[in-house]
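Chemist: build me a structure from this.
(2 chains)
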2 protein chains.
Amino acid sequence: MSAIDDFEQMWRDLAPVGRSASSGGYFRQPWTSAESELRAWFAEACAARGLAVETDGIGNQVAWWSPPSASGPGVLTGSHLDSVLDGGAYDGPLGVVSALAAVDVMRERGVTPARPLGLSVFVEEEGSRFGRACLGSRLVTGATTWEQARELRDRDGVFLADAVHAAGLDPAGGLLSLEGVGTFVELHVEQGRDLVDRGTAVGLASQIWPHGRYRFDFAGQANHAGTTRMEDRHDPMLTYAMTALAANKQARLAGQRATFGRLQVEPNGTNAVPSLVTAWLDARASSDDALAEMVEAIERQAVDRAGRDGTSLTVTAESVSGSVAFDADLAARLAALGDWPVIPTQAGHDAGILSDAGVPTAMVFVRNPTGVSHSPDEHAETPDCLAGVEALADVLEELTR
Amino acid sequence: MSAIDDFEQMWRDLAPVGRSASSGGYFRQPWTSAESELRAWFAEACAARGLAVETDGIGNQVAWWSPPSASGPGVLTGSHLDSVLDGGAYDGPLGVVSALAAVDVMRERGVTPARPLGLSVFVEEEGSRFGRACLGSRLVTGATTWEQARELRDRDGVFLADAVHAAGLDPAGGLLSLEGVGTFVELHVEQGRDLVDRGTAVGLASQIWPHGRYRFDFAGQANHAGTTRMEDRHDPMLTYAMTALAANKQARLAGQRATFGRLQVEPNGTNAVPSLVTAWLDARASSDDALAEMVEAIERQAVDRAGRDGTSLTVTAESVSGSVAFDADLAARLAALGDWPVIPTQAGHDAGILSDAGVPTAMVFVRNPTGVSHSPDEHAETPDCLAGVEALADVLEELTR
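Modeler: Prediction:
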């Protein structure tokens, strides 16, 4: 089989895992049976290439291609296999499949790396279950400690530590080591339309925008929806609704991003004015200052409105990640290989965590014709994916020369 | 024990059943263990008064006080024991406890009814589990058929028929009969502040406002919350948010009621633009025309906004109840007993269903100092409750004379 056939076969093998029959989207939450299946699939794919996989105490995986002649700092490449709730097929898996396929391409080309080349998969990149994005890489780099992580709970109240154990893993077994990793490269489907606008299949990353998740608790007074006069209400739904519109307007005007996509209402009854509306703001901006300014402006408008509605607001920053600047020299050197554009991204990635931890890091993006991501409609054309594999092979050949 | 002591004892006995330790509110959903406990309590309270309870195939209950000398069309009084999610102690139970206490008062007064006097409890008045309010009385009057009801599902997908069977009831056993019922009287805590404004503890009902529940499905396109440019989105949350504000404004301007208190978001992830927001509108107005006009105005604004957001909207009327005018002569005759005001209500009641079915019907309201209802804060002062019991006893004495 050619490397291209291999790529397509891997894609077919992955297609059914964790897929919803109704929406066609993926539910590959960490430490679920779908994710265990993906872990087994990765181990098998590595074994088929003669590479032994090491799985750490929380499920991160790495397999090293280290010929006897290889020496010096290694090059690690990979991505993640988990998905958001009802997510797409490409976000994560494309980077893992492309890493395996790039090894196939290098072997077809007769390349023997002069440095160890590792293939990796980090767990819980999306934060879809425990609300902490890039948790696997954060634990590996020490950005989050196990003591902090173990107490996280999912929506059903399950502690992260219990979920990890239930998946047959033992955190006492230790975590994947980054010792000996000289460079990290992550290939990822683009999640916007920058490459579409530029008319090119492949690009490299310059920067990750700063990103924050903020919980807005709007508290009011539950009441009967029929009998309570409009003017006697303290309805937090109204304060929330105005805030959702204000956040959108604020982000549009400033060319940034603000989204309320997750909501919880108490008591959530048709004939009751709610007592509490909890809404999560996802906010991203081109600089740390711009992010803080935007969130402040949204909060200010929300508090004003709460005053008029007779409700109250508490805002909790659940996570705020500063801007990540990838290694500019590395990006320039790699971009020259294919005359690829170097573009920013608004999405968080494990690559950002490793970069923050001091590992020289690069990202390769593959064109997404609609820009749609985190959706069953997420898509990339196969020729673009194969161009991505070739580009990744070029990059890895350059870095392991 | 005096009738007053009896009232207070019954109130204490009911207090812990289905109560949430955290909010202090009640979760007395139909065909749950809390409701079974309430059914057993009612049977015991009747037995203690020498009245045998009949429980029908879906859990409606009735106990007749029918002395040998009694004849002619009977008088039925009672209310319901179920609650909304996290509801108050008074909505429903006050009418049941007051009916029992009114019998005690009549006996203390040495009154022997010349007509049969029945005490009743209807199931699933709130529609909090299966979304169909007054289901017990609708089934009894034939307004809803068992074939329609059995297919209803709760939020966990449980069919109503299965829930009824699981509660140890058998619908094949038949339903409570209204044959021989000449009049129905329901005592209820007021759910607004009309009696507060009038400075009186007790009132009678003139009318129930028309009332509708409408499901608004706002459909858009799921997408990545970080990377999708604001102008590339089809975000149904924005369409919903504008609609919630428009509904509020529309109701305020017209002196009517419109509430979005229940919401469901797909996929409901922090970092995903939603694909679907489903919201339930509870709308009530002083006339059938005013209701239709208000809902049309809200829908028109929602559709306009959907056009701008690139989203789509489907509105489904899940239930619409027309205005209920209670028997005016009956209300006037009873109001004269205590010089009680005759006032409209915006809340649906089993009394409205029986009235629609042709049973001459009256309602007695007890003052609610804050007007708060469908909330753990729902309250009535004990002296007002006791005034309600005395008033109900007066009414029943008059009707069974």
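
Chemist: residue nearest the centroid of chain A?
Modeler: Nearest to the mean C-alpha position of chain A, counting by CA atoms, centre = their mean, stands residue A:126 at 4.2 Å.

Chemist: how close does it get to chain B?
Modeler: 7 Å (CB to the nearest CB, to the nearest Å). In short, each C-beta sits where N, CA and C put it, glycine included.

Chemist: what sits against that residue?
Modeler: Residues in contact with residue A:126, defined by CB atoms under 8 Å, 6 or more residues apart in numbering or on different chains, are A:80, A:82, A:83, A:84, A:87, A:91, A:92, A:133, B:271.

Chemist: can you rerun that using 7 Å?
Modeler: A:82, A:83, A:84, A:133 (CB atoms under 7 Å, 6 or more residues apart in numbering or on different chains).

Chemist: surely residue A:258 is in a strand?
Modeler: Yes: counting by DSSP: H, G, I helix; E, B strand; the rest coil, one finds residue A:258 located in a strand.

Chemist: correct me, but it touches residue A:246?
Modeler: No: between residue A:258 and residue A:246 there is no contact under CB atoms under 7 Å: 8.9 Å.

Chemist: how about the strands in the stretch 51-200 of chain A?
Modeler: Counting by DSSP state E, counting those that start in this stretch, residue ranges of the strands within the stretch 51-200 of chain A are A:53-55, A:61-65, A:74-80, A:85-87, A:117-122, A:181-189.

Chemist: and the longest helix for chain A?
Modeler: Selection of the longest helix in chain A by residue count, based on DSSP state H, yields helix A:288-309.

Chemist: what about the stretch 1-150 of chain A, any weak spots by pLDDT?
Modeler: Across the stretch 1-150 of chain A, the ranges flagged by pLDDT under 70 are A:1.

Chemist: just the helices from it, written as ranges.
Modeler: The residue ranges that make up the helices of the stretch 1-150 of chain A, judged by DSSP state H, counting those that start in this stretch, are A:3-14, A:33-48, A:93-108, A:135-141, A:146-150.

Chemist: how about the stretch 251-400 of chain A?
Modeler: Taking DSSP H, counting those that start in this stretch, the helices of the stretch 251-400 of chain A run over residues A:288-309, A:328-338, A:350-356, A:382-399.

Chemist: got these as a markdown table, with mean neighbour count columns?
Modeler: Shown next, in a markdown table, are the helices of the stretch 251-400 of chain A (neighbours: other CB atoms under 10 Å in any protein chain shown):
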| stretch | mean neighbour count |
| --- | --- |
| helix A:288-309 | 17 |
| helix A:328-338 | 15 |
| helix A:350-356 | 27 |
| helix A:382-399 | 21 |
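
Chemist: format those as JSON lines; extra columns: distance to chain B and mean pLDDT.
Modeler: Formatted as JSON lines, the entries for those read as follows, by distance: least, CB to the nearest CB, whole Å; pLDDT from 0 to 100:
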{"stretch": "helix A:288-309", "distance to chain B": "10", "mean pLDDT": "97"}
{"stretch": "helix A:328-338", "distance to chain B": "19", "mean pLDDT": "97"}
{"stretch": "helix A:350-356", "distance to chain B": "12", "mean pLDDT": "96"}
{"stretch": "helix A:382-399", "distance to chain B": "17", "mean pLDDT": "97"}
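
Chemist: can you put those helices in JSON lines and add distance to residue A:207?
Modeler: Formatted as JSON lines, these follow (distance: least, CB to CB, whole Å):
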{"stretch": "helix A:288-309", "distance to residue A:207": "12"}
{"stretch": "helix A:328-338", "distance to residue A:207": "9"}
{"stretch": "helix A:350-356", "distance to residue A:207": "9"}
{"stretch": "helix A:382-399", "distance to residue A:207": "18"}
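
Chemist: out of those, which is closest to residue A:5?
Modeler: Taking CB to CB, helix A:382-399 is the member of those nearest to residue A:5, at 10.8 Å.

Chemist: residues of the stretch 1-150 of chain A that sit close to chain B?
Modeler: Counting by CB under 7 Å from any CB of the partner chain, the residues of the stretch 1-150 of chain A lying close to chain B are A:84, A:85, A:86, A:128.

Chemist: re earlier: overlap of the contact sets of residue A:258 and residue A:246?
Modeler: Taking CB under 7 Å, 6+ apart as the contact rule, residue A:258 and residue A:246 both touch residue A:298.

Chemist: much appreciated, bye for now.
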